[in-house]
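*Asks:* got a sequence here, can you model it:
(2 chains)
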Protein chains: 2
Amino acid sequence: MKLADRMDCLGTETAFAVSAEASSLEEKGIKIYPFHLGDINLETPKTIRSAALKAMESGKTGYCPAPGIIELREALAEDVSASRKINYNLNNVSVQSGGKPVISKFIMSKMNPGDRVLYPNPGYPIYESQIEFHGGIAHPYGYLDTEDGLVLDFDSIEQGIKEGANIIFYNNYNNPTGASSSISEMKKLADLCVSNDLFLFSDEAYFDTLFEGESHSIVSMPNMRERSLILYTFSKKFAMTGWRLGAAIGPSDVIDEISRLNVNDESCTTHFVQHAGVAGLKGSQNEVKEIIRILKERRDLAISILKTIEGIEVHTPVAGFYLFPKITEAMRNRGFNDLEEFRKAALKETGVSFCGRHHFGKPLDNENDHYIRLAFSGISKLHLEEGLYRFKDWLSP
Amino acid sequence: MKLADRMDCLGTETAFAVSAEASSLEEKGIKIYPFHLGDINLETPKTIRSAALKAMESGKTGYCPAPGIIELREALAEDVSASRKINYNLNNVSVQSGGKPVISKFIMSKMNPGDRVLYPNPGYPIYESQIEFHGGIAHPYGYLDTEDGLVLDFDSIEQGIKEGANIIFYNNYNNPTGASSSISEMKKLADLCVSNDLFLFSDEAYFDTLFEGESHSIVSMPNMRERSLILYTFSKKFAMTGWRLGAAIGPSDVIDEISRLNVNDESCTTHFVQHAGVAGLKGSQNEVKEIIRILKERRDLAISILKTIEGIEVHTPVAGFYLFPKITEAMRNRGFNDLEEFRKAALKETGVSFCGRHHFGKPLDNENDHYIRLAFSGISKLHLEEGLYRFKDWLSP
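*Replies:* Numbers count the residues shown, from 1 in each chain, chains lettered A, B, ... in the order given. This next block holds a predicted model:
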């Protein structure tokens, strides 16, 4: 059957293929250590579940306004204003069915076909997919591996600006690399946006999943509020990935357009789930703290084991779900040149399942090293430890 | 701020403005009779609410596969296969966050810019909006008012085909008109699709909200299964409008593309809500029958009152939430020429709130009569009666 031509430009998350492989091995009785999952294997806080039930039972089961219920928009505006030290109100908030819809709706609202859009690579693969699907030119920028961790490759960003980019996707506390910007790096990027009139999409999915210090948003920098849109999600902080609740937060003219897309695309986000979101934001944060404590424990354990493996180097992320070790030497020692072959062999022979750098965008010209992404959000401490030691033994037989 | 040019082509549901007007009068203490709502003021069945709670408590709160959970896809395939007397399996089903997302995702998957697409007018305004937003040519077709009810205006359909249309939107048990096709009308439309190689979008939102007889789907007609996509929704039958659960059902190649859009747009539909949907389909249908009994009672009462009002003619719909009385004469008797002025005056002076024909597409050239849409899904029997008598008194003072 003839399908629309535009579908040829749509990408996907190739990481899903890794999940499928792992499941199929598991069905054959092989024990799998799931480091590939960007999902979280912890319960959604009881406060939130109770609020959802209460809302469902009290009839919050009909349509609600397309931009979201007032209570949730106000609660989000308040929360994000306080944590970013800027001023938003409910007119700056459009509730979404998760964080992901913010990406496509932002692109539809703001990008014209032919516009050049900068995006991180390695990065969340949906940026590139949606830019190209809607007729934009996806212009990748990379990272440089330094002693202080991965830093933005400003040469590639400036090259994109020189070639006419007018929009940039930025994901501090980055998926898959775990990279976070120093204040000075963030300031440099903000200055580039202001002086070159770039609009910035700030994917802040991991802003609240911080293990130490204080989170920073580029939107707080001078003159950035009016040229930035925040992707906010309940998924990570509140262990609500499957609930599908998030929001676009930014200047009201973009928000109004995004809400018009809500009317056209899905009417509204699940009504009682929005009330659950209010409870998450306004209720006790003890359960949230416990989620972060557990994640930090896993991160620390994983780092401590990885640091004992020959041929592996790893930075310690301050936020998020992911480690991004450099494994160039370990691969070479084991006789592999190809990352995908290495990944498949490790999965088959040890059950340790992870994604590679190539699942997060096509490698750039200047890359000589190999990296894998180890997610610690969907695996217990016990299995994390067992899995990483099996991986270590396999690497140094 | 500069926004994307495509946003100029995006329409909306102007009926939302009527809701806003009604709410604002209500806040001033005016009693409102809400005949404008396509929402339903009945509880979601307990079977469904209990299943949602059980799923939420048993950890169905993480991501699930983008096309939906296997159990729901299988249950939908089974249900729709049986009721449409054709054969679907889970590969023919892509779960969505409501029925509405099927419209945009179908258009993105199947329609190229410049394609001519037939759509009903009066009809659900999102068809036209999404066709034009994605660069298609929206070609309206109307209805003729006959003794047997509203029938498809085949002249306008054939004109569209002559001008090159390759896709048609069809909404039996139509919103806003309540029109339903006879078997012969449906057969005639199916034959036109087959002989002119049209792909048909069958919006079956009200297929299961039937008050008498048996529902029919055009997809059951010879050679239609492979050229049709069904919009399925849980919203109406199960009083689940605010839950946001629906599905695209059709040939697997279109379904695969729609599921690729799920990956890109929202990852998946709320996980535990999908389990609630399974319970709705597989559990006792007693509560569903009660919803339909209540709706039928309201329909009958409204029809009986409308038939006593001078200058109003109305057909009795066999399904759905809506009456679509012709009010040309009643308007003239009351001194109105403009439908919007009439609507506003009725709302202000009686509190009776309804939409007009103009909320469902721009009136066509050959229309000489005026119609309003009275929804009986969101108003109790008591208020329905009181409201319609106030309307009657206002019309014949």
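*Asks:* give me the pLDDT for the spatially closest residue to residue A:125 that is not a sequence neighbour.
*Replies:* Nearest residue to residue A:125, sequence neighbours excluded (Cβ to Cβ, 6 or more residues apart in numbering or on different chains): residue A:13, at 5.4 Å. Heads up, the C-betas are built off the backbone N, CA and C, glycines and all. pLDDT for residue A:13: 87.
*Asks:* same deal with residue A:37?
*Replies:* In this model, residue A:37 carries a pLDDT of 86.
*Asks:* please identify the helix or strand for it.
*Replies:* Secondary structure assignment for residue A:37, by DSSP states H and E: no helix or strand.
*Asks:* tell me which residues touch the closest residue to residue A:272 other than its chain neighbours, please.
*Replies:* Of all residues not flanking residue A:272 in the chain, residue A:55 sits nearest, at 3.7 Å (Cβ to Cβ, 6+ apart). Going by Cβ atoms under 8 Å, 6 or more residues apart in numbering or on different chains, residue A:55 touches A:271-272, A:274-276.
*Asks:* ok, and the most crowded of those?
*Replies:* The residue in the contacts of residue A:55 with the most neighbours, by other Cβ atoms under 10 Å in any protein chain shown, is residue A:276 (29 neighbours).
*Asks:* how near is that one to residue B:109?
*Replies:* 32 Å (Cβ to Cβ, to the nearest Å).
*Asks:* is it true that residue A:160 touches residue A:115?
*Replies:* No - counting by Cβ atoms under 8 Å, residue A:160 does not reach residue A:115; the two are 11.6 Å apart.
*Asks:* neighbour count winner among those two?
*Replies:* Just comparing residue A:160 and residue A:115: by other Cβ under 10 Å the higher neighbour count belongs to residue A:160, 24 against 18.
*Asks:* quick one, phi psi at that one?
*Replies:* With angles defined as degrees, to the nearest 10, residue A:160 sits at phi -60, psi -40.
*Asks:* nearest residue to residue A:378 other than its sequence neighbours?
*Replies:* Per Cβ to Cβ, 6+ apart, closest to residue A:378 is residue A:37, 3.3 Å.
*Asks:* the residue nearest to residue A:272 belongs to a strand?
*Replies:* No - Residue A:55 is assigned helix when assessed by DSSP: H, G, I helix; E, B strand; the rest coil, not a strand.
*Asks:* is chain B within reach of stretch A:223-243?
*Replies:* Yes - residues of stretch A:223-243 are located near chain B by Cβ under 8 Å from any Cβ of the partner chain, namely A:226, A:239-243.
*Asks:* that stretch: end-to-end distance?
*Replies:* Start-to-end span of stretch A:223-243 (Cα to Cα, to the nearest Å) is 34 Å.
*Asks:* from the chain's centroid, how far away is the helix or strand residue A:329 falls within?
*Replies:* For residue A:329, the host element (DSSP H and E) is helix A:328-333. The chain centroid and the centroid of helix A:328-333 are separated by 28 Å under Cα atoms, centre = their mean, to the nearest Å.
*Asks:* show me the contact partners of it.
*Replies:* In contact with helix A:328-333 (Cβ under 8 Å, 6+ apart) are residues A:309-312, A:337, A:339, A:342, A:368-370, A:395-396.
*Asks:* buried subset of those as a ChimeraX selection?
*Replies:* Restricted to buried positions by 16 or more other Cβ atoms under 10 Å in any protein chain shown, the ChimeraX selection for the contacts of helix A:328-333 reads:
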select /A:309,311,312,339,342,370,395
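*Asks:* and the contacts of helix A:328-333, which two are furthest apart?
*Replies:* Across those, the longest distance by Cβ to Cβ is 23.0 Å; it joins A:368 and A:396.
*Asks:* tally of neighbours for residue A:212?
*Replies:* Neighbours around residue A:212, by other Cβ under 10 Å: 8.
*Asks:* could you do the one 5 residues further on as well?
*Replies:* Using other Cβ under 10 Å, residue A:217 has 19 neighbouring residues.
*Asks:* surely it meets residue A:88?
*Replies:* No - with contacts counted by Cβ under 8 Å, residue A:217 stays clear of residue A:88, the gap being 11.6 Å.
*Asks:* which one is residue A:83 nearest to, not counting chain neighbours?
*Replies:* Closest to residue A:83 by Cβ to Cβ, 6+ apart is residue A:215, at 6.8 Å.
*Asks:* assumed the one you found was part of a strand.
*Replies:* No - using three-state DSSP, the secondary structure at residue A:215 is coil, not a strand.
*Asks:* and the gap between it and chain B?
*Replies:* 24 Å (Cβ to the nearest Cβ, to the nearest Å).
*Asks:* still on that earlier bit, tell me the one of the contacts of residue A:55 nearest residue B:136?
*Replies:* residue A:271 (31.5 Å).
*Asks:* run through the residues of the stretch 251-397 of chain A sitting next to chain B.
*Replies:* Residues of the stretch 251-397 of chain A lying near chain B (Cβ under 8 Å from any Cβ): A:251, A:253-254, A:257, A:260-261, A:263-273.
*Asks:* in helices, which of those residues appear?
*Replies:* A:253-254, A:257, A:260-261, A:263-265, A:271-273 (DSSP state H).
*Asks:* pick out the most distant pair among those residues.
*Replies:* A:253 and A:272 (30.0 Å).
*Asks:* number of nearby residues for residue A:304?
*Replies:* As a burial measure, residue A:304 scores 12 neighbours (other Cβ under 10 Å).
*Asks:* check what pLDDT it gets.
*Replies:* pLDDT for residue A:304: 98.
*Asks:* tell me the secondary structure at it.
*Replies:* Assignment for residue A:304 (three-state DSSP): helix.
*Asks:* quick one: it from residue A:296, how far?
*Replies:* 12 Å.
*Asks:* before we move on, what about residue A:283?
*Replies:* To residue A:296, residue A:283 is 22 Å away according to Cβ to Cβ.
*Asks:* where along chain A do the helices fall?
*Replies:* Counting by DSSP H, the helices of chain A are A:15-27, A:46-57, A:70-84, A:100-110, A:125-133, A:154-162, A:183-195, A:252-265, A:271-282, A:286-306, A:328-333, A:339-350, A:381-395.
*Asks:* can you list those helices in a markdown table and add distance to residue B:196?
*Replies:* Formatted as a markdown table, these follow (distance: least, Cβ to Cβ, whole Å):
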| stretch | distance to residue B:196 |
| --- | --- |
| helix A:15-27 | 38 |
| helix A:46-57 | 47 |
| helix A:70-84 | 47 |
| helix A:100-110 | 32 |
| helix A:125-133 | 30 |
| helix A:154-162 | 47 |
| helix A:183-195 | 52 |
| helix A:252-265 | 28 |
| helix A:271-282 | 42 |
| helix A:286-306 | 57 |
| helix A:328-333 | 58 |
| helix A:339-350 | 47 |
| helix A:381-395 | 59 |
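*Asks:* mean pLDDT lowest for which of these?
*Replies:* For the helices of chain A, where the average pLDDT is lowest is helix A:15-27, sitting at a mean of 90.
*Asks:* does any part of that helix sit near chain B?
*Replies:* Yes - for helix A:15-27, a contact with chain B is found by Cβ under 8 Å from any Cβ, at residue A:16.
*Asks:* just to revisit the earlier point, buried ones from the residues of the stretch 251-397 of chain A next to chain B, can you make that a PyMOL selection?
*Replies:* Buried residues within these, by 16+ other Cβ under 10 Å, are selected in PyMOL with:
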select buried, chain A and resi 251+254+257+260+261+263+264+265+266+267+268+269+270+271+272+273
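*Asks:* how many neighbours does the nearest residue to residue A:252 once chain neighbours are set aside have?
*Replies:* Among residues not flanking residue A:252 along the chain, residue A:91 sits closest, at 4.6 Å (Cβ to Cβ, 6+ apart). Using other Cβ under 10 Å, residue A:91 has 15 neighbouring residues.
*Asks:* tell me if I'm right that residue A:91 and residue A:254 touch.
*Replies:* No - in this structure residue A:91 lies outside contact range of residue A:254 using Cβ under 8 Å: 11.2 Å.
*Asks:* residues from the stretch 51-200 of chain A in reach of chain B?
*Replies:* Counting by Cβ under 8 Å from any Cβ, the stretch 51-200 of chain A sits next to chain B at A:52-53, A:56-57, A:59-64, A:66, A:97-98, A:100-101, A:104, A:108-112, A:126, A:129-130, A:133, A:199.
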